[in-house]
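Colleague: Give me coordinates for this.
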Amino acid sequence: MIKAIFFDVGDTIYHNEEFKAAYPEKLIEMMTRKLHVKPDKAKQMIEDKKEELKKSLNRHVNKVDVLKSFGFTRQQVHDGFFEIEAEKYLQKNDKLQQIFSKLAKYYTLGFITNNRMDMLERILKILKVDIKLFSIIITEDTVNLVKPNSEPFEKALSKSEYKPSECVYVADSLAKDLLPAKKLGFKTVWITDKHGDENKDLFDTKIDNILGIEKALKILNRF
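Modeller: Numbers count the residues shown, from 1 in each chain. Model prediction:
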């Protein structure tokens, strides 16, 4: 029986391509300021370093991994991200609050995100989602290692006191989100518009967007 549902944030509870693009654009801006290179050069340096790290680490490489290679601290990267004005990209979504309010009556809800807490709070405020509905929140500033490391998932399990098989993780990234969750025994819901059964071992069911979460839960509760 499912007892807890944990969510990723970006491209999971909302989807906005311009907001998504603002993160790598911020990295380029930080690189140009610190290294005194042109934006095109900074972009290429970031892309090259990401590919290099992928080969050497053999795992998903996050934005902090890349910029640490150029002398930036984790805090500096997230300070930069906090400068992004989420209000320019996101807006109130009444359906989200309705869904989460309904789910909270039956399940423990939580977030497992690589966002910092202040950014998560800002995003939820814009979306008009009540953060109090989520009793377990694991953010970048509450762990030593972020996703795809298993630490955030293990911390969520510890706080919930549930078995992994009693928990669901809902997210958009196979490598960063669903792979580490699945390894620990979570049931997983993949948010995607892709069709077919590729990577079927990483997800139990999939939905186009968060509004289909109730349908996904009906499927999972049959297992």
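Colleague: what residue ranges in this structure score low on pLDDT?
Modeller: The chain contains residues with pLDDT under 70 at 222-223.
Colleague: Please enumerate the strands of it.
Modeller: 4-7, 108-112, 136-138, 167-171, 187-191, 205-207 (DSSP state E).
Colleague: Outline the domain layout of the protein.
Modeller: 4-15+90-220, 17-86 (automatic domain parsing).
Colleague: Mean neighbour count added to the ones you listed, as TSV?
Modeller: Just so you know, the C-beta spots here come from the backbone N, C-alpha and C atoms, and that holds for glycine as well. Supplementary listing: the domains of the chain in TSV, determined by neighbours: other C-beta atoms under 10 Å:
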stretch	mean neighbour count
domain 4-15+90-220	18
domain 17-86	15
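Colleague: if we can go back for a sec, out of the strands of the chain, nearest to Asn16?
Modeller: strand 187-191 (13.8 Å; C-beta to C-beta).
Colleague: contacts for the closest one?
Modeller: The contact list for strand 187-191 (C-beta atoms under 8 Å, 6 or more residues apart in numbering) reads 2, 11-12, 165, 167-172, 174, 178, 181-182, 202-210, 213, 216, 220, 223.
Colleague: let's go with 7 Å and repeat that
Modeller: Strand 187-191 is contacted by residues 2, 11-12, 165, 167-172, 174, 178, 181-182, 202-207, 209-210, 216, 220 when judged by C-beta atoms under 7 Å, 6 or more residues apart in numbering.
Colleague: do stretch 32-41 as well
Modeller: 28, 31, 42, 70.
Colleague: ok, 8 Å please
Modeller: Here stretch 32-41 makes contact (C-beta under 8 Å, 6+ apart) with 28-29, 31, 42, 45, 70-72.
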